[in-house]
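> the following block contains a protein sequence and its predicted model.
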Amino acid sequence: MDDKISIIVPMYNSELTITETLNSIFKQKSNEDFGNFEVIIIDDGSTDDSLQVAQDFQRKYTKANIVMLDGEGKGVSHARNLGLTHATGTWITFMDSDDFFGQSDFSSVLDLLNSSEFTDVNIVTYPEYYFNEYSERQFSEYGFPTNVRSMTVSRHPTTDKVRYRFTWKSPKVFPNIQGNVYSENEYYWIAQARLNVLIRNLEDNKIYFEEDLLYAEDSIFVAQYVSSGNGLGRISKGITYHYLKNKYSTVDKYSSSVTSYKMILKWADRVVEKLTVGDYVSPAGAGILLNEFGARLKMSRLFPMHLNEAEYTSWNNSMKRILRSISPEIFTTGMGANKNAGQFIINKFVEMRGDIELHPKGNSIQVIQDGEVILEDKHFEVILTGLELQDGALRVSAVMKFYFTDKYRPEVSVKIDGDKGRLIDTYVSSYSYLGQKHKLYTFYAFDTKIPLDEISSSVEFEFHMFGHTFRTNLVDVKNSRLVPLSSGNDTVHLPDGRYLRMNLNNFSFTLTKADISDYVSYQQAVAFELYGNLPIFSDLREQQNSTEEVWLYSDFVGKIDNAFFQFLNDKDKNDNIKRYYIVHDGFEDYIPGYAEFEDRLVPYGSLTHRKLFLTATYVITSFQDANEFSPYSAYQLKKASGFFNPNVVYLQHGVLHAKMARLNSREKQDFYKLIVASSKFERDYLLNEYHFDSDMVLLSGMPRFDSRLNIANYQSHDLKNRKGMKVLFAPSWRASLMLGRSTKTGWMPNEEKMIRSEIFKTLQTLVGNDNLENEFINRDIELDIKLHPIMYNVLGNKLEQNSRVKFVSGSVNLNDYDLFVTDFSSYVYDAVERHVPVAFFIPDNDEYVNGSHTYTDVNMPDGGFGPTFYSLEDFVAFIKDFSMDRSMLDSYQKVVDDFFDLDAFPMDSIYNKMMQLNVRNEIKRNAYFGSLNVESAALKLVDSYNAILDEAKKEKYLGAVEANGNVVALSKIHSHGSTQFRKALQMPIEIGEDDEFISYGLYPTPGGTPRLVTNVGFVTANKKFVRPISYQIATPLKSVRKFVKRLTRR
């Protein structure tokens, strides 16, 4: 055995990635360095040129020790085991053939490993970084990822195509200790499970990978190594692992509980088998079990909700057996700072482990299992979900986030000025989902109003369980329209001249008449200093309360919806209100007749959008997520809450049918001032399940149901006697098939995962079955498939059509169809509104109920709108039967016909309701704000934008990236062609021959001060991609020049 590092690289069909992998090993190495490592490449039956590429490296680096082995196509674990048997180094590490080393100074790493500190450990971890890789085609089609601020830009070493990478460090937490060795008994909760490790080459007691496990086999291997020595070592320099995150991998294959629930049990049983010491699994084994189970629970991927009762009971019993193999001491101690297994998750696993008893003790609850105290729950958190003044009363809304309240119902009382207190009604909170898609907990909430004239000095809330009174020990502020609690302020001046102060330590309020305005101003000053780097705070400093009234309308990226129709209805009202509609890049393609009101269109995220957003009386939107209508992130809005709160009118983009209280209840959406409902069924659900006030819900119907918009489409739907039959199948999108949010289409799809999905396989069968086509011809049936745009962008050109099954895009007239079919989409209500017969087809229902979409269940009126089918065979059989007997759905048709009771002109009803509410938007300000609002005559336009453009052309500051990675001068500068930025964009600079989507520009502010703002993105000369609106400055022109030079300096 030699003093070197053996690097084991399994390889399968990696011709496009193995070059970078091997380059990261050999980069900046001299012949003298080759003695510090060996590379063992195991080709696992590749059918592409991977082997040839690897052999080219072998021929190039003749002085290096590169070993080529044949894995015989037996899988990655077999390949790694083969590498282990051939490894001759004292230490061994692993590298996948589509990942790479960021640092690979093997000489210095060996020095660290051979130090006395690591004498007693057999495994040492090193830093791991994740990266997502995107192509220019993805950016062109879908836009940029919304959560990414900057990326590195380079040429692909094999294809020479430009690629963009976003890199971030693994979130794994390591505590600060003296030294770099974490003992297993104390730090089992680190739960090292990935192969960013160096292992000691144990010649006599080798540990191998479990070759029959298809998932998480590496975690067992690592845990065995941790248990074989004195814990886990850690080094932080000399070597880093970079792991490609957005690839289709085994993790994707087993991400759903549908595909993984058996595999997880098999894996867990193997952990118990391999790592049991005495009566219980080793601490390292317990750590990886609880880490894996916890991570899956957090992502709604643990519980197999699709199983029938008997199957689920069997699965649950297996989980109970596995959890009982973990020592009670592990549950008592907990999982430390492990982010996947917090206390609530540990408590859930304790419940799953066996029966428990609860006993109060002081300000805690003891949890007894098997006659012993396994937990002592001291967590009595209150989540403040609403604080505001309403009709002369203090309104307080909160959630009691206490564990085990599914076994007891806590009571809450309010004491005014120290009286005996009165009990407040409680209800089950939407926070019971606790971030998951399935309701796994039971938290109770309360919502109470206390007239200010009834309060002399104090308001205090108390919580009662088991006959005991408990104190809260944590208050988490989610929403506050009254006091800027999220930014550290606790006091506000009330209209009656008093000051109200909240005590977050015991959830109480005090009122005083003493003048403490200096204290309030000081708190505000501190808040603005702490959060002054957030754009919303810097904008609030500059923003004056406007005397003109503004209404702002917003839909979704790339489409028009209810907000657009309401905007058209309202924009020319003679009411002295200015109205604007938010648009996204490329709006010219989807907004008809925009030239007539182009002066009312505001680019999303622009300075104008930000100004109008802060002054708007209403923000009128069809989509509920703040990032759809707000130019500021949800985090910024929360921090500014109390200083500034938008008043949102939620029109919805469909009838509320999904059970989404976990996201859209009153507890979660403090912005809402008005919600539009289109049916009594929907209104009742908003009141009873989402807990909105009755005066907040307007039963009028959505704007797109306004008869003035649909006159041409309201012909009689009497097609029973028509020859032939037309069916429209319109399935929804699936959130699980997305990589994340994007700027152009709203979502960036995971293309490889999408073409492996059950919905894709179903569509393939529908269009590719010749027998089905012939049957449809004989029965004169036409089946049109209208995919959601997010799905159509990927699948539309990957599926053939036939004479009877075709794909349609754009708008369709539902009255042209004899039958409307969907899965779980709210599109069904458009068919119901047109009285079109309805059926449902969910080919991937198992995935759906387990959380493949943003919701797992829908609300339907009693009797439903139509039958539901889960197999393609049953669905096709139904279509054929329905073509012969159109009366099959008559029993459902009464529910369809009676569902809606709409206003003839809902847009007028919505307009009138907003006018009646008489809401005002006033930014809370005092003298402190004025002191920060510095106006300077020096901040004026002293030069022309053309001068900057000429300067940029002359000095060629921005560059493009060549194949060798060097940055060269830009050869072409010209205007971006988007009409959206025709007036505002003064200085566009473009990279490449056809890459028009990479540009940046200068937007003038109303006062004439130039601001450097990205339109879609730009690449700096240091090979950094910068996404839209990442950099903004409001300074004189010379500072803009300086900023551009700094970005592009070589």
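Good, I have the coordinates.
> every contact and neighbour count from this point should use C-alpha atoms.
Noted.
> ok, residue 515 to residue 817 distance?
Counting by CA to CA, to the nearest Å, the gap from residue 515 to residue 817 is 70 Å.
> who's more crowded, those two?
The neighbour count for residue 515 versus residue 817, taken as other CA atoms under 10 Å, is higher for residue 817 (20 against 12).
> which non-adjacent residue is nearest that one?
residue 726 (5.0 Å; CA to CA, 6 or more residues apart in numbering).
> that neighbour: neighbour count?
Neighbours of residue 726 (other CA under 10 Å): 20.
> next: residue 327.
Residue 327 has 16 nearby residues by other CA under 10 Å.
> picking that back up, now the element after the helix or strand containing the residue nearest to residue 817, going C-ward?
Following DSSP states H and E, one finds residue 726 within strand 725-729. Where DSSP H and E defines the elements, the next helix or strand beyond strand 725-729 is strand 738-742.
> what comes into contact with that next one?
142, 143, 144, 145, 146, 147, 246, 747, 748, 749, 750 (CA atoms under 8 Å, 6 or more residues apart in numbering).
> ok, and the most crowded of those?
Using other CA under 10 Å as the neighbour test, these are led by residue 144, with 26 neighbours.
> that one and residue 747 touch, don't they?
No - applying CA atoms under 8 Å, one finds residue 144 not in contact with residue 747, separated by 9.4 Å.
> was I right about residue 418 contacting residue 455?
No - counting by CA under 8 Å, residue 418 stays clear of residue 455, with 10.3 Å between them.
> of those two, who's got more company?
residue 455 (15 against 11).
> ok, that one - contacts?
If you count contacts by CA under 8 Å, 6+ apart, then residue 455 has 416, 417, 511 around it.
> ok, those residues vs residue 157, which is closest?
Closest approach to residue 157 among these (CA to CA): residue 511, at 67.5 Å.
> for whichever strand or helix holds the closest one, buried residues please.
Using DSSP H and E, residue 511 falls within strand 508-512. Across strand 508-512, burial judged by 16 or more other CA atoms under 10 Å covers 508, 509, 510, 511.
> in CSV, list those residues along with distance to residue 680 and pLDDT.
Rendered in CSV, the data for those read as follows (distance: CA to CA, whole Å; pLDDT from 0 to 100):
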residue, distance to residue 680, pLDDT
508, 38, 93
509, 39, 94
510, 42, 94
511, 42, 93
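> now for these: which two are most distant?
508 and 511, at 10.4 Å, using CA to CA across those.
> where do the contact lists of those two overlap?
With CA under 8 Å, 6+ apart as the test, residue 508 and residue 511 both reach residue 458.
> what about residue 136, distance to residue 248?
From residue 136 to residue 248 the distance is 19 Å (CA to CA).
> between these two, point out the one with more neighbours.
residue 136 (17 against 14).
> isn't the more buried one up against residue 165?
No - the pair residue 136 / residue 165 is not scored as a contact, 11.2 Å apart, by CA under 8 Å.
> care to break the chain down by domain?
The chain resolves into domains spanning 2-126+175-241, 379-530, 543-706, 713-902, 945-1048 when parsed by automatic domain parsing.
> check which helix or strand covers residue 360.
Judged by DSSP H and E, residue 360 forms part of strand 357-361.
> likewise for residue 62?
Using DSSP H and E, no helix or strand contains residue 62.
> since we're on it, how many residues are nearby?
Neighbours of residue 62 (other CA under 10 Å): 11.
> what's the answer for the one 5 residues further on, then?
The criterion is other CA under 10 Å. On that basis, residue 67 has 16 neighbouring residues.
> many thanks, have a good one.
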